[in-house]
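Show me how the following folds:
(one chain, ligands or ions: 2)
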Amino acid sequence: MREVQLLILGAGWTSTFLIPLLVSRKISFAATTTTGHNVAGHETLSFRFDPTASDQSAFSTLLNARNVLITFPLKGAGQSKLLVDSYNQYHPKLRHKAHFIQLGSTGIFQIPEQSLWVTRNSAYSKTNDRAIAEDELRSLGGCVLNLAGLWGGERKPEKWVSRVAKTKEDVKNKTSLHMVHGMDVARGVIAVSEAWGRDEEGCKGERWMLTDGFVYDWWALFAGWASVEKAAETDKVTKSEGENTGGIDVVPSEQSQWVYELLQEHNVKALPRSYEALGRCYDSQDFWQRFEITPLKARI
Ligand SMILES: NC(=O)c1ccc[n+]([C@@H]2O[C@H](COP(=O)([O-])OP(=O)(O)OC[C@H]3O[C@@H](n4cnc5c(N)ncnc54)[C@H](OP(=O)(O)O)[C@@H]3O)[C@@H](O)[C@H]2O)c1
Ligand SMILES: *[C@@H]1O[C@H](CO)[C@@H](O)[C@H](O)[C@H]1NC(C)=O
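Ligands and ions are numbered 1, 2, ... in the order given. Sure thing, here's the model as predicted:
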């Protein structure tokens with residue numbers, strides 16, 4: 001059976017960046033979706049992991065791989081072990097045991113009493129379903145990448161304004177935001193899988209946090225998007241509309257007007273607010289340092 005460098009279990013949004021990059025770098029890969037539809041112009045195998053099924057023979061249809069990327073959430077105890085065991089059971093002839101990489105979210109670090117600066121070594125919710133499954137995967141030698149908010153392509157953060165902040169109170173409560181672009185997730189996944197081929201240290205059993213290195217202040221974003229928000233709201237922003245800051249007499253968005261009222265009310269002299277005022281700041285520099293790349297698409 002053919003062996004690929006990377007098997008993507010769940011070629012969703014992230015793979016619209018990852019697959020073209022793998023093609024461009026001539027890295028062998030295969031990918032699955034639940035329905036077997038094309039992604040980024042490439043065929044995918046139809047595969048759905050059902051953790052409740054007693055028959056896991058669907059794993060026999062998957063290719064041998066050096067690295068297996070799991071993009072969909074595994075939850076609670078048992079699922080990670082079942083997935084790893086089933087893959088290994090149906091791929092016994094691999095020269096090296098496959099490396100498992102799971103995409104997770106930085107959401108597990110949002111706990112009461114969290115410190116101001118949060119790193120991959122900070123406390124996280126041990127009772128979070130995804131964290132439980134991630135820890136199980138790590139105990140089996142897997143590597144977890146906890147991603148900040150994803151953006152890129154159709155995911156345009158300036159479109160989210162009216163959804164995340166409907167009232168002045170919503171705006172008032174908004175503090176920090178952390179993001180990472182799909183392209184940088186793709187570059188990160190490839191960097192981890194390549195590093196792992198040379199040396200398992202830093203990969204096996206680890207948890208990493210990925211952000212683009214910015215701590216965004218939602219107030220600064222609302223203010224900065226004062227003129228794009230209305231056009232973006234419709235969700236059908238054409239390129240020229242989305243970039244349009246040039247209406248001659250445009251009314252600033254409600255959200256940005258509220259921001260300037262709040263600055264006055266809270267005696268904030270300028271934007272962005274201080275890290276202390278934001279109160280939750282992610283530091284993911286060690287990821288980029290360890291894997292010797294830097295973000296390509298920083299600053300939303
Ligand atoms: N949205 C954010 O801001 C954010 C932030 C941090 C982390 N994350 C996490 O990052 C990861 C990747 O996100 P994404 O947007 O690329 O995900 P996505 O677009 O939802 O892709 C998930 C893929 O997994 C497949 N899949 C779902 N359930 C499956 C199952 N039981 N067995 C096999 N395949 C299954 C889906 O198949 P189909 O294509 O057939 O549906 C799809 O291809 C997710 O874990 C997400 O929670 C998201
Ligand atoms: C804003 O935060 C306060 C204090 O944490 C909370 O009581 C209130 O419900 C929040 N309001 C909204 C609209 O989220």
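
And stretch 136-149, end to end?
Distances were taken as C-alpha to C-alpha, to the nearest Å; on that basis the terminal residues of stretch 136-149 are 24 Å apart.

and it, does that touch ligand 1?
Yes - using C-beta under 6 Å from any ligand atom, stretch 136-149 reaches ligand 1 at 147, 149. Yep, even glycine has a C-beta here, placed from its N, CA and C like the rest.

What's opposite L210 in the beta bridge?
Here L210 sits in beta bridges with L147, going by DSSP bridges.

How many neighbouring residues does it have?
By other C-beta atoms under 10 Å, 26 other residues sit near L210.

Could you double-check that it sits in contact with F287?
Yes - under the contact definition of C-beta atoms under 8 Å, L210 touches F287, with a separation of 5.7 Å.

Overlap in contacts, those two.
G188 (C-beta atoms under 8 Å, 6 or more residues apart in numbering).

Now the residue of the stretch 1-150 of the chain found nearest ligand 2: which helix or strand?
Here the stretch 1-150 of the chain gets closest to ligand 2 at one residue, P112, 11.4 Å apart by C-beta to the nearest ligand atom. Element membership of P112, judged by DSSP states H and E, is empty: it is in no helix or strand.

That one: neighbour count?
For P112, the tally of surrounding residues (other C-beta under 10 Å) stands at 5.

Could I get the phi/psi values of it?
Note on P112: backbone dihedrals following degrees, to the nearest 10 are phi -60, psi 150.

Mind pulling up the pLDDT for it?
In the prediction, the pLDDT value recorded for P112 is 95.

now the strands for the stretch 201-300 of the chain?
Counting by DSSP state E, counting those that start in this stretch, the stretch 201-300 of the chain has strands at residues 207-210, 216-217, 281-282.

Make JSON lines out of those and add mean pLDDT and distance to ligand 1.
Supplementary listing: those in JSON lines, determined by pLDDT from 0 to 100; distance: least, C-beta to the nearest ligand atom, whole Å:
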{"stretch": "strand 207-210", "mean pLDDT": "98", "distance to ligand 1": "9"}
{"stretch": "strand 216-217", "mean pLDDT": "98", "distance to ligand 1": "13"}
{"stretch": "strand 281-282", "mean pLDDT": "98", "distance to ligand 1": "12"}
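
could you dump these to a markdown table with distance to ligand 2?
Converted to a markdown table, the strands of the stretch 201-300 of the chain look like this (distance: least, C-beta to the nearest ligand atom, whole Å):
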| stretch | distance to ligand 2 |
| --- | --- |
| strand 207-210 | 25 |
| strand 216-217 | 17 |
| strand 281-282 | 18 |
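
Deepest-packed of the ones you listed, please.
Using mean count of other C-beta atoms under 10 Å, the stretch among the strands of the stretch 201-300 of the chain with the greatest mean number of neighbours is strand 207-210 (a mean of 24).

Only alpha carbons, please: show it as PDB.
Taking Å, rounded to 0.1, in the frame of the first residue of the first chain, the C-alpha atoms of strand 207-210 are listed here in PDB:
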ATOM      1  CA  ARG A 207       0.500  20.700  23.300                       C
ATOM      2  CA  TRP A 208       1.100  23.900  21.400                       C
ATOM      3  CA  MET A 209      -0.800  27.100  21.200                       C
ATOM      4  CA  LEU A 210      -1.000  29.000  17.800                       C
END
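
That strand - contacts with which helices or strands?
Using 3 or more C-beta pairs under 8 Å, 6 or more residues apart in numbering; DSSP states H and E as the contact test, the elements touching strand 207-210 are strand 143-147, helix 182-198, helix 285-290.

So which bits of the longest one are buried?
Put plainly, it is helix 182-198. Within helix 182-198, the residues scored as buried using 16 or more other C-beta atoms under 10 Å are 182-196.

Residues in a beta bridge with W117, which ones?
When assigned by DSSP bridges, W117 has beta-bridge partners C281.

mind listing what it touches?
W117 neighbours (C-beta under 8 Å, 6+ apart): 275, 281-283.

That one and V268, how far apart?
Distance check for W117 against V268: by C-beta to C-beta, to the nearest Å, it reads 21 Å.

Skipping its backbone neighbours, what lies nearest the residue of the chain found nearest ligand 1 in space?
Of all residues in the chain, G12 sits closest to ligand 1, at 1.9 Å by C-beta to the nearest ligand atom. Excluding the flanking residues, the one nearest G12 by C-beta to C-beta, 6 or more residues apart in numbering is T71, at 5.9 Å.

Does the one you found touch T16 like I think?
No - using C-beta under 8 Å as the test, T71 is too far from T16 to be in contact (11.6 Å).
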